[in-house]
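Q: heads up, no residue letters with this:
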């Protein structure tokens, strides 16, 4: 399953399938990007990050892809599990700026 | 647990009352951030500290809001004369330095009646 960006905040996938969550970031000067997972009633949990000098980074079951040309970021989750159900946020950081700027978020629902 | 901690986790108050929240960052993290999150939205930056110095404040931080980090360790966020519009999740994050990963606490959910 794949989301088409900030205008589709919900993504439903079957357990075991791969998920792709997309994010369009706002500032071409941003040089650091983070994906967070947020479960209901909890704070955002760091998943994976990537700097602008890279276009791909892999973690355990997750991959982040960065396309600076079109200011697009994606999070791929392999073999989704029920515990992956959450809202996923991308966040960007600009050089010299201290704050993270968050996208709207995508709610990922795993169907059994 | 060596993560960011926040207290209380939930606070219900009546309009007009003052509330104070506490954040304990990951030890040795110099930077501490406060964000606010409303339902269905991503966190929005409020302010941040480098050690004990408050170096940036968002326009979201009205005069009723004040934050401190007196010894460069824990921080407090106080809201005076609370309004219903202040109802939100208040998140604290910490990081080592500029451009470093920010790690979030569990948040304090404020409900103003």
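A: Structure's in. What do you need? The structure presented is a predicted model; accordingly, all values stated were derived computationally and were not measured.

Q: For the residue of chain A found nearest chain B, which residues are in contact?
A: Closest to chain B within chain A is residue A:102: 3.0 Å, counting by Cβ to the nearest Cβ. Glycine gets a C-beta too; all of them are placed from N, C-alpha and C. Neighbouring residues of residue A:102 by Cβ atoms under 8 Å, 6 or more residues apart in numbering or on different chains: A:89, A:90, A:91, B:42, B:43, B:44.

Q: Quick check, the third one in contact with residue A:99.
A: No: with contact taken as Cβ atoms under 8 Å, residue A:91 and residue A:99 are classed as non-touching, separated by 9.4 Å.

Q: higher neighbour count, these two?
A: With neighbours defined as other Cβ atoms under 10 Å in any protein chain shown, residue A:91 and residue A:99 compare such that residue A:91 has more, 24 against 21.

Q: and the residue nearest to residue B:29 when sequence neighbours are not counted, what does it touch?
A: Closest residue to residue B:29 apart from its sequence neighbours, by Cβ to Cβ, 6 or more residues apart in numbering or on different chains: residue B:94 at 3.8 Å. Neighbour list for residue B:94: B:4, B:25, B:26, B:29, B:31, B:32, B:33, B:102, B:103 [criterion: Cβ under 8 Å, 6+ apart].

Q: List just the nearest of those residues to residue A:55.
A: residue B:102 (22.7 Å; Cβ to Cβ).

Q: Run a quick neighbour tally on the closest one.
A: Residue B:102 sits with 27 neighbouring residues when counted by other Cβ under 10 Å.

Q: ok, now residue B:96?
A: For residue B:96, the neighbour count with other Cβ under 10 Å is 14.

Q: wouldn't residue B:4 be in contact with residue B:102 here?
A: No: with contact defined as Cβ under 8 Å, residue B:4 does not count as touching residue B:102 (9.4 Å).

Q: Return every residue with contacts to both of the two.
A: B:93, B:94.

Q: For residue B:64, give me its contacts.
A: By Cβ under 8 Å, 6+ apart, residue B:64 lies in contact with B:79, B:80, B:81, B:82, B:83.

Q: now the residue of chain A closest to chain B, which residues is it bridged with?
A: residue A:91 (DSSP bridges).

Q: what about chain B, any weak spots by pLDDT?
A: Applying pLDDT under 70 to chain B flags the ranges B:1.

Q: Strands along that one, start to end?
A: Remark: strands assigned in chain B by DSSP state E are B:5-7, B:10-13, B:19-24, B:31-37, B:44-50, B:53-57, B:65-68, B:75-79, B:88-95, B:103-104, B:108-112.
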